[in-house]
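# Structure for the following, please:
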Amino acid sequence: MAMFIRVDVNDELVAATDGLAAKLIEVCPVKIFKAGDDAGSVAVVEDNVDECTLCDLCLQGPEGSVSIVKLYED
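From the prediction side, this is the model:
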């Protein structure tokens with residue numbers, strides 16, 4: 001489990017937005033996302049989450065599709 005952040009994905013919104021799953025996989029510089037079990041879905045690679053650079057590229061999609069929770073601010 002990640003120590004510094006948590007990446008939450010709204011699976012329904014990602015699946016409903018054409019091409020979003022592929023875009024998330026493509027834009028993440030540290031490979032936090034991988035193809036999910038269902039078409040048009042993503043899975044979070046937990047081993048890579050703490051490598052997140054907080055670049056916000058994954059947040060450029062529809063609001064609420066991906067959120068980054070900074071655990072050190074809780």
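
# show me where the protein has helices.
Ranges of helices within the chain are 11-16, 20-27, based on DSSP state H.

# quick one: low-confidence ranges for the protein?
1, 74 (pLDDT under 70).

# My read is that F4 contacts L71, right?
Yes - using CB atoms under 8 Å, F4 is in contact with L71, at 5.9 Å. The way it works is simple: take the backbone N, C-alpha and C, and place the C-beta from them, glycine included.

# returning to that earlier point: G36 is nearest to which of the helices of the chain?
helix 20-27 (6.9 Å; CB to CB).

# The closest one: which residues count as buried?
20-21, 23-25 (16 or more other CB atoms under 10 Å).

# Check which helices and strands it sits against.
Helix 20-27 sits against helix 11-16, strand 33-35, strand 42-44, with contacts defined as 3 or more CB pairs under 8 Å, 6 or more residues apart in numbering; DSSP states H and E.

# roughly how far out does the last one sit from the chain middle?
Once both centres are worked out by CA atoms, centre = their mean, to the nearest Å, strand 42-44 turns out to sit 7 Å from its chain's centre.

# packing partners for it?
strand 5-9, helix 20-27, strand 33-35.

# What count of nearby residues applies to the residue nearest to E51 when sequence neighbours are not counted?
Closest residue to E51 apart from its sequence neighbours, by CB to CB, 6 or more residues apart in numbering: V30 at 4.1 Å. Each residue near V30 was counted by other CB atoms under 10 Å, and the total is 13.

# Enumerate every residue touching V30.
48, 51-53 (CB atoms under 8 Å, 6 or more residues apart in numbering).

# Any chance of the backbone angles for it?
For V30, the backbone dihedrals (degrees, to the nearest 10) come out as phi -120, psi 20.
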